[in-house]
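# Dropping a prediction and its sequence here:
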Amino acid sequence: MITLYSPLEQFEIVPLFFLFLGNNFVFTNSSFFLTLTITVVLLLFSLINNNPSIVPNRWQSILEMIYEFVQNMTFESLGTKGSKYFPLLYITFIFLLSCNMLGMVPYTFTVTSHIIFTFSLGMTTFLGLNIIGIKQHGMHFFSLFLPPGAPLALAPLLVPIELISYIFRVVALSVRLFANMMAGHTLLKILASFAWKMLSIGGIFLIIQIFPLIVIVAITGLELAIAFLQAYVWTTLVCLYLSDALNLH
C-alpha cells in the first residue's frame, strides 16, 4: 500500500492538548512554535547581553549589526521622529526574522506561513498606526484620504479610492509574508519528496537524484534569504505607513 503525502501537510495545525475545563482552549503546534520562538529569542538576548565585552564577540557583533540595520532603516524613513518608535520596529523585525528562520529547521512549524497569523499581526499593526496618527493629529488625520491640492469637487471620487488603498495595506502586509513563506516551503517539500522517491527506487536513479538534491540546497539558501527579506520588507512597510501617520503624506 502506497501512502501519498501532500506537500501542504506541513502546514496543518494540530492540537497538542486542551486548556481549562470544557476543552474551550486548544494549544496547537502553531502555538507551541510561536511560544518556542519567543522563548529562544529572549534566552538568546539574555545570554548574549548578560556579560557584554568591550570587544564584541561573534554573537554580540550579530546583534549590533541587526540593531544598526534597523536603526538606519528607521532613520531613513522617519528621521529623528523614529527614535520614539524604534523599539517597536526592532522587536517586529527580530520577531518575524526568528519565526521565519525557525521554520527553516526540519520538522518545525512556520507560523508565518498561515494567513490567519500574518493577517492578525498586520491588522494589529494597522490599528496601532491609526491610533498613533489620530493621537498625533486629531481629526486632521483624515485629511490623509484627500491628496494635497486636489479640488473638493473630486472628493467623493478620491476619498473612497484613497480609503480602499489605505485599508488594503493590511492585505499587502499579511499576504506578501504568508504567500512567500508558504510557497517556498511547499516547493522544498515537493523537491525533497521527488528526490527521496528516486533514491528509494535505486539503480540509475541514485545518480539522477543528485540533481534535485543540488536544487534543494540552492532553494534552501534562497529561502534563508527570503526569510530575512520578508522580515525586512514588513518592517520597511511599517516604517513607511508610520511616516504617513506622523507626517500625513
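Yep, that arrived. Nothing here was measured: the structure is a model prediction, and the numbers come from that model.
# what's next to the helix or strand that Phe93 is a member of, contact-wise?
Phe93 belongs to helix 86-102 when assigned by DSSP states H and E. By C-beta atoms under 8 Å, 6 or more residues apart in numbering, the list of residues contacting helix 86-102 from outside reads 33-34, 36-38, 40-41, 66-67, 70-71, 73-74, 82, 108, 110-112, 125, 177, 181, 224, 226-228, 230-232, 234-235, 238-239. C-beta: built from backbone N, CA, C; applies to glycine.
# quick one: buried residues of that helix?
For helix 86-102, the neighbour count (16 or more other C-beta atoms under 10 Å) marks 86, 88-90, 92-102 as buried.
# chain center to it: distance?
8 Å (C-alpha atoms, centre = their mean, to the nearest Å).
# what comes up buried for whichever helix or strand comes after it?
Downstream of helix 86-102, the first helix or strand assigned by DSSP H and E is helix 115-137. Going by neighbour count (16+ other C-beta under 10 Å), the buried part of helix 115-137 is Ile115, Phe117, Thr118, Phe119, Leu121, Gly122, Thr125, Phe126, Leu129, Ile132, Gly133, His137.
# Packing partners of the helix or strand that helix 115-137 is followed by?
Once the chain leaves helix 115-137, the next helix or strand it forms, by DSSP H and E, is helix 155-201. Secondary-structure packing of helix 155-201 (3 or more C-beta pairs under 8 Å, 6 or more residues apart in numbering; DSSP states H and E): helix 115-137, helix 205-208, helix 210-247.
# Minimum distance to Glu162: which of these has it?
helix 210-247 (11.1 Å; C-beta to C-beta).
# Which neighbouring elements make contact with that closest one?
Looks like helix 210-247 contacts helix 58-78, helix 86-102, helix 115-137, helix 155-201 (3+ C-beta pairs under 8 Å, 6+ apart).
# report the angle between the axes of that helix and helix 115-137?
With axes from the mean of the first three to the mean of the last three C-alpha atoms, to 10 degrees defining the directions, helix 210-247 sits at 20 degrees from helix 115-137.
# Check the offset of helix 210-247 from the chain's centre.
Distance, centroid of helix 210-247 to centroid of chain: 8 Å (C-alpha atoms, centre = their mean).
# So which bits of that helix are buried?
212-213, 216, 219, 223, 226-227, 230-239, 241-246.
# before we move on, back to that, which of the helices and strands packed on helix 155-201 sits closest to Asn29?
Asn29 sits nearest to helix 115-137 of all the helices and strands packed on helix 155-201, at 12.5 Å, using C-beta to C-beta.
# Check which helices and strands that closest one sits against.
On a contact count with 3+ C-beta pairs under 8 Å, 6+ apart, helix 115-137 meets helix 155-201, helix 210-247.
# what angle do the last one and helix 58-78 make?
Going back to what we said before, that points to helix 210-247. Using the same axes, to 10 degrees: helix 210-247 against helix 58-78 is 50 degrees.
# what inclination does helix 210-247 have with respect to helix 86-102?
170 degrees.
# That's all I had, so thanks and see you.
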